[in-house]
Each structure stands twice: as C-alpha cells, then as structure tokens.
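*Asks:* What shape does this take:
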Amino acid sequence: MNGMFGRTRMAVDPIDLAIKEARRRFPVLQSVPIVNRPNIDNIGGGYLEAYPAEESIRPKGTDNKFAIGVFSEKTTPKMIYMDYLSHYAMDNELKEDYEQFKQNLTPKNEKRLQRQWADLTRGYAEDSEGNITERFGEPMRKRDGSKVPFKEWKERSGIPGMFRGLLGQYPQEFIENEFTPEQIEYGQKLKDMLGL
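*Replies:* Predicted coordinates for the structure are as follows:
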C-alpha cells in the first residue's frame, strides 16, 4: 500500500522489539525459545510466563526446552532476562546464589510472600484496613480451577519474584523496604556479576 511518500510504515510490535533487544543485550537468551503472545492460558496473569522443560502445557514448538512466553506489550528486555535468571539460571548457573538467597529469607520476606499469595488467590490486594488497593483480574488458580497451595506458589513464583526484585526488577524503594542491608549488598554483588 502506498502512502504519501510511496510506502506505508508497518506498525512494529512492541513485544517483538522487546524480545529482539533482550537477545541483543543478554546473549545467553539467543538460545532460549521466547514466544510472542503464545496461544496458551496465562495462568500467572503477569507480563510473561516461564515454562520449564518438563512442563506439559506449554507454547507450541518449545517441547523439552525451557521457554518464555511474553503476554504484555509492557514487558521490557530486562524483564525477559530476569525471568530467565529466576526460573532457569537459578537451577543451573546461579544455583548456589539462588539457594543462598532462599536460605537468607527473613520473617518479613516470608510475610510479604504470604500477603502476595493471598492477594493473588483473591484477585485483588487490600491495605491494612481492608480497602481494595489493586485488582488483578481473575483470582490465581490451577488449570483445574483449584486454589494454588501457598508452598507450591512460593517455590515456583513467589521466591523467584523476590529474587528478580532484589536484582533490580522492582523500584529501589521496594528493595529498601523489603530487604535487609545484607540482602541488598548481596543483590548488588549479583547484579554486578550479571551485568545489570
């Protein structure tokens, strides 16, 4: 189709741009299947979803490989890399670092995880007075419709999310409020090592 200057510009998909930039900035992602808007339920309801190699329900063409599905145009290249770090590298090249992080979770971190799980399984967050502060859409459920047990969610999503937060996916204010100075120092060491 011709426009004023002979061509019409094609709209560029922001998710395609984020995936391309993530692979450029973080070369380890070049071998990771990253799928733009996979034709699959977004169970976690977030911007993206990680699919371990052994997970049976996953995007087409990613069998037997760790993969990432990107669902939101708000996803950044750094978010994609953070998902890789917190859902794949934690079992591989960052295994010792991730285990150390898990072992050093504080009672405050545990309470945060419990609050977050409760919010997600309800479908909304409340403040200390019971007022709804944020809605998440549908309450988080397993594929069969049952409630996701806290322990299962904590291991699969909660702790990996906190790990990403410590590595800088969340604002500095969150990091300073949720983590101890020792945890922050440890996170900075990891960020320096990972080029974040």
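*Asks:* wait, what's in contact with the residue nearest to the spatial centre of the chain?
*Replies:* Nearest to the mean C-alpha position of the chain, by C-alpha atoms, centre = their mean, lies Asp83 at 4.5 Å. Asp83 sits next to Leu48, Ala50, Ile68, Arg164 when contact means C-beta atoms under 8 Å, 6 or more residues apart in numbering. C-betas here are computed from N, CA, C, even on glycine.
*Asks:* switch to 6 Å and redo it
*Replies:* When contacts are counted by C-beta atoms under 6 Å, 6 or more residues apart in numbering, Asp83 touches Leu48, Ala50, Ile68.
*Asks:* Helix or strand: which one has it?
*Replies:* Applying DSSP states H and E as the criterion places Asp83 in helix 77-87.
*Asks:* Give me the residues contacting whichever helix or strand comes after that helix.
*Replies:* Later in the chain than helix 77-87, the nearest helix or strand by DSSP H and E is helix 95-103. Residues outside helix 95-103 that contact it (C-beta under 6 Å, 6+ apart): Met90, Ile159, Phe163, Leu190.
*Asks:* now the longest helix anywhere in the chain and helix 95-103, what's the angle there?
*Replies:* Criterion DSSP state H: the longest helix present in the chain is helix 107-122. If you take axes from the mean of the first three to the mean of the last three C-alpha atoms, to 10 degrees, helix 107-122 sits at 90 degrees to helix 95-103.
*Asks:* Mind listing the strands the following helix or strand past helix 107-122 pairs with, and their directions?
*Replies:* Downstream of helix 107-122, the first helix or strand assigned by DSSP H and E is strand 124-126. Strand 124-126 sits in its sheet next to strand 132-135 (antiparallel), going by DSSP bridges.
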